[in-house]
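**Q** just the structure for this:
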Amino acid sequence: MKDLLDAPAFWDDVPSFEGSAPHIFVVLGASGDLAKKKIYPTLWWLFRDRLVPENTMFVGYARSWLTVAQLKEKCQPYMKVKDCEQERYEEFWGVNHYVRGSYDTRRDFELLDQEMQKVGTARANRIFYLALPPSVFDVVTTNLKGCCMASQGWTRIIIEKPFGKDSDSSAKLSNHLAALFKEEELYRIDHYLGKEMVQNLMTLR
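**A** Now for the predicted structure:
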């Protein structure tokens with residue numbers, strides 16, 4: 001994931017706007033295990049090492065009623081913060097925000113859009129990381145397209161989790177996404193891809 005977020009497609013050729021956010025990174029499913037164990041630690045490490053642009057903001061979105069302080073507490077065991085990094089660590093959480101909302105209600109995504117407008121500008125690029133169950137991919141991406149696309153900057157959608165359970169479900173999801181987004185706006189991470197092949201390496205040898 002760190003290599004993906006380091007990729008030039010995310011961060012290059014973007015001017016720095018004084019007092020505003022050139023990038024807004026949204027974690028959908030912010031209260032879940034994937035977010036607290038993998039995504040937020042990686043975002044913190046990138047922020048710590050100054051590998052994200054200045055003034056980048058982070059927004060968590062989930063169904064749970066949480067504050068940023070509570071989200072920070074949930075993530076704390078996985079962040080690997082050294083004593084000398086405490087000041088930088090507090091800076092990281094200082095640029096974090098949280099929005100509570102459902103995944104199937106358009107109005108909640110309109111409120112997410114309003115929050116992003118508060119912390120950024122019309123020119124801010126938006127990155128959405130779907131740390132969500134595959135069952136809500138369709139409705140969430142439909143709501144993102146309808147309510148949350150960057151008005152002047154670019155938008156990226158990162159899809160985490162198995163990309164379909166078989167050929168038919170994978171094709172269905174691909175067709176759904178193709179109807180909403182350009183291919184360059186999509187990033188797919190399937191940590192089950194090739195799993196059976198890897199498990200059978202010894203047999204193949």
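**Q** which SSE is Asp138 in?
**A** helix 137-147 (DSSP states H and E).
**Q** residues of that helix that come out buried?
**A** 137, 139-145, 147 (16 or more other CB atoms under 10 Å). The C-beta positions use only the backbone N, C-alpha and C, and glycine is treated the same way.
**Q** for stretch 94-101, same thing?
**A** 95-101.
**Q** tell me which helix or strand comes right after the helix holding Asp138.
**A** strand 155-160.
**Q** distance from that next one to the middle of the chain?
**A** Chain-centre distance of strand 155-160: 7 Å, with CA atoms, centre = their mean, to the nearest Å.
**Q** what's next to that strand, contact-wise?
**A** 4, 9-10, 34, 125-132, 137, 141, 144, 148-149, 177, 181, 185-189, 191 (CB atoms under 8 Å, 6 or more residues apart in numbering).
**Q** quick one: strands adjacent to it?
**A** Sheet pairing of strand 155-160 (DSSP bridges) gives strand 125-130 (parallel), strand 186-189 (parallel).
**Q** elements contacting the helix or strand just after it?
**A** Next helix or strand after strand 155-160 toward the C-terminus (DSSP H and E): helix 167-180. Packing partners of helix 167-180 (3 or more CB pairs under 8 Å, 6 or more residues apart in numbering; DSSP states H and E): helix 137-147.
**Q** the helix it packs on vs strand 125-130, what angle?
**A** Put simply, helix 137-147 runs at 160 degrees to strand 125-130, going by axes from the mean of the first three to the mean of the last three CA atoms, to 10 degrees.
**Q** which SSE is immediately downstream of the helix-or-strand element of the chain with minimal mean pLDDT?
**A** Ranked by mean pLDDT, DSSP states H and E, the weakest helix or strand in the chain is helix 8-11, scoring a mean of 48. Toward the C-terminus, helix 8-11 is succeeded by strand 23-28 as the next helix or strand (DSSP H and E).
**Q** which element follows that following strand toward the C-terminus?
**A** For strand 23-28, the following helix or strand on the C-terminal side (DSSP H and E) is helix 33-34.
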